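Trainee: next input, structure requested:
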Amino acid sequence: GMSSFFATLGPTFVRDESVGPYPLLWISVGAGWLCGSAAFALIALLSGHLHMALLTGTISSFCLFSLFLLAASKMLTQCDPDEFMKVIVYMDAFLLIVVSIPVF
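Mentor: Numbers count the residues shown, from 1 in each chain. Predicted coordinates:
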C-alpha cells in the first residue's frame, strides 16, 4: 500500500515536460522500491535482525525490479491493452521467481 502510494507520488514531482515516459516509469518504480526497502530496513533495525538478509533482500528486489523494467518498460509505455496483458504475464513470472526462490 505505502510503496504504491510513493510509486504514484514519485512522478508528480517531475514537472519538466521534456521528461519521457521511460524515466518516469523508472522514477515511479524506483520510488516504490525505495519506500519498501526503507520500511524493510526500519523493521529489521527495530526488531534487532539487521544482518545479511536485509542487504540480500534489498539487492535482489532491486535486481528483479530492474529486470522487470528492462523486459516490460516498452510495453508499459505503449498503452496498448494487448501489450498490457503481456506485462501481467511478466509480473506473474517475476512473482513466481520471488515466491519459489526464497532468500535466507
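Trainee: any low-confidence regions in this protein?
Mentor: Low-confidence segments of the chain (pLDDT under 70): 1-4, 6-8, 10-17, 50, 98, 101-104.
Trainee: how does it look with 80?
Mentor: Within the chain, the ranges that satisfy pLDDT under 80 run 1-21, 24, 48-57, 72, 75-84, 87, 90-91, 94-104.
Trainee: report how many residues lie close to Leu67.
Mentor: Residue neighbour count, defined by other Cβ atoms under 10 Å, stands at 13 for Leu67. Backbone N, C-alpha and C define where each C-beta goes, glycine included.
Trainee: show me the contacts for it.
Mentor: With contacts defined as Cβ atoms under 8 Å, 6 or more residues apart in numbering, the neighbours of Leu67 are Phe94.
Trainee: what about it, which helix or strand?
Mentor: With the criterion set as DSSP states H and E, the secondary-structure element containing Leu67 is helix 52-78.
Trainee: and the contacts of the helix or strand that that helix is followed by?
Mentor: Under the assignment DSSP H and E, the closest C-terminal helix or strand after helix 52-78 is helix 81-100. Counting contacts by Cβ under 8 Å, 6+ apart, the residues outside helix 81-100 that touch it are 61, 64, 67-68, 71-72, 75-76.
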